[in-house]
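**Q** turn this into a model:
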Amino acid sequence: MTAFSRRHFVGAAAAGTSAFWIAGSPTAWAATAPAPAGRPGPDVHEKTVRDAAMTWRTLPTGWQQAPFLANGHLGAQLYAGQSANTLKLMLSHSQVQDQRGQWRGGIGFSRLPVGYFTLTLAGEITGVDWTLDLYDAELRGTVTTTRGSLAFSALVQNDTSALLISTRPTPGEEAAAWSFQWLRAATTRSSGKPEDYTPNPDPRAGDGFVEQPLLAGGGWTTAWRERREGTGRLLAAHLVYRFPGQVSEATADALRAVDRTLAADPDRLVDRHRRWWHAYYRRSFLSVPDKRLQSFYLIQLYKLAASTRAGGPTISEWGPWFPEVGNNWTAVWWNLNVQIGMAPVHGSNHPELDSVTSTFRRFEHNLPTSVPARYRDGESYALGHPSDWQLRAGGTYDVGAPGSEHVSDNFGNLIWALHNVWQSYRHSMDLSVLRDVVHPILAKAVNFYAHFLHEGPDGRLHLLETRSPEYANAEDCTYDLSLIRWGVRTLVASSKLLRNNDPRLGRWQDIERRLTPYAEDPVAGVMIGKDVPLADSHRHHSHLLWLYPLRERSWDRAGDRDVMRRSMDHWVSMQQLWHGYSYATASSMYSVTDEPEKALDFLTFFTDLKVVADCQMTVNTMYREGKNLALESPLSAAQSMLDMVVQGHEGVVKVFPSVSDRWADASIASLRTQGAFLVDADRSDGATRWVRVHSEAGAPLTLDHSVRGPVEVRDTHGRPLRWRETGPGRITVDLSRGATAVITPRGARHTGAGPRDVPSNGAWTKWGLPG
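**A** Residues are numbered from 1 along each chain as shown. Now for the predicted structure:
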């Protein structure tokens with residue numbers, strides 16, 4: 001047995017818990033210790049993230065209220081059990097899915113339920129006091145019962161995917177114990193479920209493991225074991241998925257993983273875990289006076305890192321979590337959900353989470369399977385949805401063909417997703433992303449569309465009938481035309497940049513030059529397509545992709561403003577059927593059209609838990625549509641906040657471009673923009689005090705600095721830099737790779753200041769169930 005350390009810590013992080021957690025104990029790890037007297041407290045990164053912790057003073061009853069843990073693979077949620085003396089810990093995994101590719105992805109490659117641990121207590125639960133500490137990515141707290149209490153700490157260890165739960169009972173609850181219940185390995189999706197669908201066989205249960213085979217071969221094993229010291233217990237659990245392969249191999253690997261975890265010093269495992277998360281939060285910083293929104297933003301950063309990692313499965317509708325009763329969204333949705341949910345990874349400076357780029361890099365070979373057989377010419381790609389995380393939409397499904405009897409709303413999925421990958425290139429200026437992923441895949445995605453372009457009497461290229469997602473069929477559909485236009489422009493620019501002498505360049509230039517304009521109404525702006533107006537409320541902004549996020553038109557160009565405003569006003573005038581992401585997208589659109597007050601209004605409407613069309617963000621910042629779990633809407637609202645404080649587009653970096661007058665103060669650090677710039681800035685009393693821009697790639701810098709009046713531009717040592725003014729509040733700066741520019745009001749003292757947690761503009765309530 002591991003010897004006790006001389007260090008002792010009080011488990012104060014359990015928000016009032018007075019139980020002792022002993023460093024070096026075989027069944028517990030050291031709680032976070034407060035800074036010793038006389039030493040500085042936590043830095044601003046740690047302080048703001050710890051302040052954003054979610055709390056529970058009321059027992060959560062399901063995923064809509066529960067705390068959640070994950071590391072991009074293994075996920076867990078804790079809430080009330082089936083009886084008054086139990087807690088349920090739902091276990092799930094982002095890779096656990098079926099492998100019956102003869103059916104469409106939502107069924108054949110469906111995510112599958114795993115099971116749950118039940119903590120059975122002696123007494124009935126009378127109270128809880130829980131804290132989800134985002135900075136440590138740990139859940140700590142106490143459960144009070146009619147017989148005593150139990151203190152616990154839980155995490156999903158970052159690099160080993162081990163579930164670790166330490167429990168310390170008081171007298172009366174010494175017998176508290178965990179048990180595991182498997183769930184049937186069958187899809188919970190009902191839409192399109194074939195009549196001959198058969199659930200996977202029941203698992204084989206052994207001593208400390210459940211082995212779940214799949215009908216297609218392979219499977220997964222959940223293994224667990226407890227280590228005890230007195231009345232204290234440490235539960236360790238692992239899940240191993242194998243396909244292809246033998247499920248018996250998964251069992252052996254899972255049992256070995258549990259043994260390794262329990263043989264290790266828990267303090268060392270936890271220390272590694274915490275160090276990763278602490279470094280994660282230090283990559284960037286955002287502070288605003290609305291502390292509920294600030295904490296919301298930080299929770300989304302936590303949720304993103306819990307949901308996905310570069311090289312791992314990209315984000316599905318549920319992330320790594322599985323709603324207990326399941327629902328229809330059992331796979332990866334590419335018609336909006338991945339694209340908007342993954343958007344914040346770039347601006348928040350977290351390329352280590354960019355699973356979209358790595359997914360296309362690894363699984364490009366599966367894209368031809370979504371193309372109808374007639375068009376599988378080796379030069380055409382498409383992406384059907386739902387797919388699994390390997391881009392497989394199912395062996396019997398293809399996206400169909402424009403103008404045919406099989407018209408779907410899937411034609412644009414691939415190009416829209418590649419816009420996310422292009423953002424990865426633009427935010428890093430890493431030519432390998434452009435050369436190896438964007439350019440080759442985008443060329444084949446555009447080529448698929450090119451099959452269905454035809455020359456009209458006007459000499460323009462027109463598109464056969466397609467479907468604007470979730471609305472109506474139309475020829476010259478705006479959604480598809482905007483993606484084609486962005487695609488060919490990107491291919492032309494990338495071909496020149498890469499100097500690859502691509503023989504298809506002439507064709508792309510011809511499409512760019514002759515592609516028909518969008519159908520337009522003189523009052524309502526851009527329409528759904530030819531002869532198809534937007535006549536009813538539409539939650540999806542598909543017909544406005546050209547405005548955002550593709551940003552084909554720019555508010556900086558006076559000639560673009562009229563159509564942008566008319567189109568935006570018309571869409572916003574009908575909100576009856578909007579969902580959460582509609583409000584987040586509207587907020588971002590208002591940020592890029594110089595309407596900061598409206599941008600904040602639409603963001604806070606959503607984050608204030610308003611219910612529209614039976615859709616609502618939940619108290620734990622998850623999101624429900626009806627009873628269905630989805631992740632993309634809250635994550636896209638994090639992007640809305642980024643769009644308020646920094647933007648990069650068409651070579652122009654804008655600092656505090658859409659900050660409401662209600663936010664007199666704001667502070668940002670290391671937010672990443674196109675051009676591979678890292679931006680720090682401080683706003684105080686409604687004015688920008690200073691801006692600092694670091695160039696990673698040496699790209700040309702045009703900066704809207706938002707500093708009032710004449711400015712000085714210096715390097716980090718206070719030496720003047722070469723710059724020139726190109727418009728009101730806009731300058732260009734000669735900034736080489738690795739160099740930094742500091743912009744201050746003329747005569748102001750050169751600042752080397754760092755980020756600060758700006759003052760709150762009022763009382764606020766923590767997320768969770770704080771009581």
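**Q** now for residue 117: which residues touch it?
**A** Each residue near residue 117 by Cβ atoms under 8 Å, 6 or more residues apart in numbering is listed here: 88-89, 91, 178-181, 224, 235, 237. (Glycine included, C-beta is placed from N, CA and C.)
**Q** how about residue 326, what does it touch?
**A** Counted by Cβ under 8 Å, 6+ apart, residue 326 has contacts 113, 187-189.
**Q** make it 6 Å
**A** residue 188 (Cβ atoms under 6 Å, 6 or more residues apart in numbering).
**Q** and the one 5 residues further on, by the same measure?
**A** With contacts defined as Cβ under 6 Å, 6+ apart, residue 331 is in contact with 105-106, 109, 386, 388.
**Q** now do the contacts for the residue nearest to it when sequence neighbours are not counted.
**A** Among residues not flanking residue 331 along the chain, residue 386 sits closest, at 3.6 Å (Cβ to Cβ, 6 or more residues apart in numbering). With contacts defined as Cβ under 6 Å, 6+ apart, residue 386 is in contact with 105-106, 331-333.
**Q** nearest to residue 416 among those?
**A** Proximity of the contacts of residue 386 to residue 416 (Cβ to Cβ) peaks at residue 333, which lies at 11.7 Å.
**Q** now do stretch 554-573, average pLDDT.
**A** Confidence for stretch 554-573, expressed as mean pLDDT, is 97.
**Q** before we move on, back to that, ranking the contacts of residue 331 by neighbours, who comes first?
**A** residue 105 (29 neighbours; other Cβ atoms under 10 Å).
**Q** that one contacts residue 390, correct?
**A** No: with contact defined as Cβ atoms under 6 Å, residue 105 and residue 390 do not form a contacting pair (10.0 Å).
**Q** now the closest residue to residue 435 other than its chain neighbours: how far from residue 491?
**A** In space, and not counting its chain neighbours, residue 435 is closest to residue 498: 5.6 Å by Cβ to Cβ, 6+ apart. Distance of residue 498 to residue 491, computed by Cβ to Cβ, to the nearest Å: 10 Å.
**Q** kindly report the same for residue 249.
**A** Taken as Cβ to Cβ, the span from residue 249 to residue 491 is 44 Å.
**Q** between these two, who's got more neighbours?
**A** residue 491 (24 against 14).
**Q** what's in contact with stretch 161-169?
**A** Contacts of stretch 161-169 (Cβ under 6 Å, 6+ apart): 19, 27-28, 71, 73-74, 76, 150-157, 176, 231-238, 261.
**Q** in that stretch, which residues are buried?
**A** Across stretch 161-169, burial judged by 16 or more other Cβ atoms under 10 Å covers 161-169.
**Q** can you redo those residues as CSV with pLDDT?
**A** Output for the buried residues of stretch 161-169, formatted as CSV (pLDDT from 0 to 100):
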residue, pLDDT
161, 98
162, 98
163, 98
164, 98
165, 98
166, 98
167, 98
168, 97
169, 98
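**Q** for the residues you listed, which one is nearest residue 432?
**A** Closest approach to residue 432 among the buried residues of stretch 161-169 (Cβ to Cβ): residue 161, at 28.6 Å.
**Q** with residue 378 as the reference, measure out to the closest residue to the closest one other than its chain neighbours.
**A** In space, and not counting its chain neighbours, residue 161 is closest to residue 74: 4.6 Å by Cβ to Cβ, 6+ apart. Residue 74 sits 39 Å away from residue 378, going by Cβ to Cβ.
**Q** do residue 569 as well
**A** Applying Cβ to Cβ to residue 569 and residue 378 gives a distance of 45 Å.
**Q** then residue 351?
**A** Where residue 378 is concerned, residue 351 sits at a distance of 32 Å (Cβ to Cβ).
**Q** those two: which has the busier surroundings?
**A** Between residue 351 and residue 378, residue 351 has the larger neighbour count (other Cβ under 10 Å), namely 17 against 7.
**Q** check that one and give its pLDDT.
**A** With respect to pLDDT, residue 351 has a value of 98.
**Q** cool, residue 42 as well?
**A** Reported pLDDT for residue 42: 79.
**Q** could you do residue 23 as well?
**A** pLDDT for residue 23: 56.
**Q** please apply the same query to residue 627.
**A** We note a pLDDT of 89 for residue 627 in this prediction.
**Q** for the closest residue in space to residue 482 that isn't next to it in sequence, give its distance to residue 215.
**A** Counting by Cβ to Cβ, 6+ apart, residue 546 is the residue found nearest to residue 482 once chain neighbours are left out, at 4.0 Å. The gap separating residue 546 from residue 215 is 45 Å, by Cβ to Cβ.
**Q** what does residue 540 give?
**A** 36 Å.
**Q** so between those two, which is more surrounded?
**A** residue 540 (21 against 14).
**Q** contacting residues for the more buried one?
**A** 469-470.
**Q** with residue 52 instead?
**A** 134, 295, 298.
**Q** can you list the neighbours in contact with the one helix or strand residue 479 maps to?
**A** Here residue 479, judged by DSSP states H and E, is contained in helix 478-498. Outside helix 478-498, the residues within contact range by Cβ under 6 Å, 6+ apart are 411-412, 415, 434-435, 439, 442-443, 446, 449, 463, 466, 468, 502, 505, 508-509, 511-512, 515, 518, 526, 529, 542-543, 545-546, 550.
**Q** now, these that are in helices?
**A** 415, 439, 442-443, 446, 449, 505, 508-509, 511-512 (DSSP state H).
**Q** can you turn the buried part of those into a ChimeraX selection?
**A** Buried residues among those (16+ other Cβ under 10 Å), as a ChimeraX selection:
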select :415,439,442,443,446,449,508,511,512
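**Q** any chance of the ones in helices among the contacts of helix 478-498 in CSV, plus pLDDT and distance to residue 616?
**A** Output for the ones in helices among the contacts of helix 478-498, formatted as CSV (pLDDT from 0 to 100; distance: Cβ to Cβ, whole Å):
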residue, pLDDT, distance to residue 616
415, 98, 31
439, 98, 41
442, 98, 37
443, 98, 42
446, 98, 38
449, 98, 37
505, 97, 49
508, 98, 44
509, 98, 47
511, 98, 42
512, 98, 42
